[in-house]
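[1] Need a 3D model of the sequence below.
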Amino acid sequence: MYSEDELVPISALQHFLFCERQCALIHLEGLWAENRFTAEGRILHNRVERGGWEARGAVRVEYSVLLKSLRLGIAGIADVVEFHREEEGWRPFPVEHKRGRPKTDRCDEVQLCAQAICLEEMLDLRIKQGALYYGKTRHRKDVEFNETLREETESVSLQIHQLFATGVTPEPEYGPKCQSCSLRELCVPRSRSRYRRATNYLDRMIESVISDQD
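    Predicted coordinates for the structure are as follows:
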């Protein structure tokens, strides 16, 4: 069990799976920059971050729900938690809003699963499903919180706590995802990667010269 002071943001899980360096730059070094993608995401979240609740038939919709799990050491805010009325009571159903389209990796699913685990710990129950709402497609993607996803979520949470404990920002690794990263100009992944490759090349050359002299 973690203490209140050790809690890390749930959003860090999504950042970590997208790029460990981005996660460290945001959550360790406090860097942030906005681009078109983050601006669209912020506008989308502003629509649901008004707090309060509303009733829709047999569904009660809660907005901006505070979450935390001392077991995983995470805390944050759920965009939307629907409570579906059933015979045995109210069934929570977390819904996370995303600006783009469904991704090829599982970073969004892990973030949503983390929200579900928080709700389970807070309400002492089991949540089987949630959903991701994507702004581009305007459709929901249902997510099952199976054991595989739960294990990945717990593993990522542990890795983030280990990253925070070391306080060391990973070196950059330039790739296609860098093009959509709002921190690209602060991170400068391409130039640093080139510098590292050039440094490695020079090191090998020096080692080769020394070896020939021996």
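
[2] low-confidence ranges in this structure?
    Under the criterion of pLDDT under 70, the regions of the chain flagged as low confidence span 32-51, 189-214.

[3] Could I get the full set of helices for it?
    Across the chain, reading from the start of the chain, the helices by DSSP state H fall at 11-18, 20-27, 36-46, 107-123, 147-166, 184-187, 189-213.

[4] what comes up buried for stretch 84-104?
    By neighbour count on 16 or more other CB atoms under 10 Å, the buried set for stretch 84-104 is 91-99. All C-beta atoms are positioned from the backbone trio N, CA, C, and that covers glycine.

[5] what's the closest of those residues to Val188?
    Using CB to CB, Arg99 is the member of the buried residues of stretch 84-104 that sits closest to Val188, with 24.9 Å.

[6] in terms of contact, does that closest one touch Tyr133 like I think?
    No - between Arg99 and Tyr133 there is no contact, the gap being 10.1 Å when judged by CB atoms under 8 Å.

[7] where's Ser157 relative to Cys178, distance?
    As for Ser157, its distance to Cys178 is 25 Å (criterion: CB to CB, to the nearest Å).

[8] ok, the two, which is more surrounded?
    A count of neighbours by other CB atoms under 10 Å puts Ser157 above the other of Ser157 and Cys178, at 24 against 19.

[9] Setting aside sequence neighbours, what's the nearest residue to the more buried one?
    The shortest distance from Ser157 to any residue that is not its chain neighbour, by CB to CB, 6 or more residues apart in numbering, is 4.4 Å, and that residue is Leu72.

[10] quick one: contacts for the one you found?
    Applying CB atoms under 8 Å, 6 or more residues apart in numbering, one finds that Leu72 lies in contact with 2, 114, 117-118, 153-154, 157.

[11] repeat that with 7 Å
    When contacts are counted by CB atoms under 7 Å, 6 or more residues apart in numbering, Leu72 touches 114, 117, 154, 157.

[12] Of those - the most surrounded one?
    Those, ranked by neighbours (other CB under 10 Å): first place Ala114, 30 neighbours.

[13] Can you give me the domain assignment for the chain?
    If you go by automatic domain parsing, the domain ranges for the chain are 4-169, 171-214.

[14] what's the single longest strand in this protein?
    Among the elements of the chain assigned as strand by DSSP state E, the one spanning the most residues is strand 74-86.

[15] residues of that strand that come out buried?
    Residues 74-83 are the ones in strand 74-86 that count as buried (16+ other CB under 10 Å).

[16] Over to stretch 145-155?
    Applying a neighbour-count criterion of 16+ other CB under 10 Å, one finds 145, 149-150, 152-154 buried in stretch 145-155.

[17] same deal with stretch 171-189?
    Neighbour-count burial for stretch 171-189 flags 172, 174, 178, 181-184, 187, 189 (criterion: 16+ other CB under 10 Å).

[18] Redo these as TSV? Include distance to His15.
    Putting the buried residues of stretch 171-189 into TSV (distance: CB to CB, whole Å) gives the following:
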residue	distance to His15
Pro172	15
Tyr174	18
Cys178	14
Cys181	10
Ser182	11
Leu183	10
Arg184	14
Cys187	13
Pro189	15
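
[19] farthest-separated two in these?
    Comparing every pair within the buried residues of stretch 171-189 by CB to CB identifies Tyr174 and Ser182 as the most remote, at 15.8 Å.

[20] neighbours around Ala12, how many?
    Residues lying near Ala12 (other CB under 10 Å) number 25.
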